[in-house]
Structure formats: structure tokens, C-alpha cells
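Asks: The following comprises the amino acid sequence and a computationally predicted model.
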Amino acid sequence: MIRNTLANKFEYTGWDVEVQCDEVDPHCRVAGHADLSQGGVRKCRVALVSPLRDGANAIEVLGEEARAFIDDWDRRHLTGYRKI
């Protein structure tokens with residue numbers, strides 16, 4: 001049973017990030033995800049299931065993981081496709 005839901009949206013280097021986290025049981029386990037979109041197209045979902053004590057901490061962790069994914073994506077040399 002979901003007890004509490006937290007959400008956060010932010011923009012990071014041209015990406016839109018939507019984070020949602022649910023406290024799912026009385027033992028303070030949380031489950032959440034961050035959807036990462038670029039130009040209106042979802043590129044990735046980062047997921048978390050953890051025994052973290054509160055949803056706010058999970059939101060922070062998911063935001064950090066989303067930023068790390070975006071930084072890695074932006075560092076890659078993407079070849080094979082060129083918009084004409």
C-alpha cells in the first residue's frame with residue numbers, strides 16, 4: 001500500500017526530468033523513478049527501490065542519478081546519425 005507520494009520536476013542542461021517517489025510500506029521502503037526527456041522525447045527512466053528512510057532522500061538520490069546519466073550522455077561522441 002502506498003502511503004505517500006513525492007514528486008519533483010526540473011530542467012538540467014536542456015533535459016526535462018520528472019521524478020516521482022512512493023513510500024510503499026510501513027518499513028519505510030521507497031520506490032521511485034526519474035523520467036528523462038530531451039526535446040519532448042523520453043530517452044531514459046532511472047528507477048530506484050531502496051530501504052531509504054524517507055521519500056525526500058530518495059527524490060534527491062534519483063535527481064543525482066538523473067544528472068549523472070545526462071552528463072554521461074552529453075559526453076558521448078554520438079556518431080552514425082546527422083540531422084540534415
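Replies: Done, it's in.
Asks: Every contact and neighbour count from this point should use C-alpha atoms.
Replies: Noted.
Asks: Just give the closest residue to the residue most central in space within the chain, not the sequence neighbours.
Replies: Taking CA atoms, centre = their mean, the centroid of the chain lies closest to A34, which sits 2.2 Å from it. Nearest non-adjacent residue to A34, counting by CA to CA, 6 or more residues apart in numbering: V19, 4.2 Å away.
Asks: Does anything pack onto the helix or strand the one you found falls within? Which helices or strands?
Replies: Assigned by DSSP states H and E, V19 belongs to strand 15-23. For strand 15-23, the contact count by 3 or more CA pairs under 8 Å, 6 or more residues apart in numbering; DSSP states H and E identifies strand 4-12, strand 30-38, helix 55-75 as packing neighbours.
Asks: just to revisit the earlier point, which residues are in contact with the residue nearest to A34?
Replies: A7, N8, K9, G32, H33, A34, D35, I59, L62, G63 (CA atoms under 8 Å, 6 or more residues apart in numbering).
Asks: Kindly report the same for L62.
Replies: L62 touches V19, G32, H33, A34, V46, A47, L48, counting by CA under 8 Å, 6+ apart.
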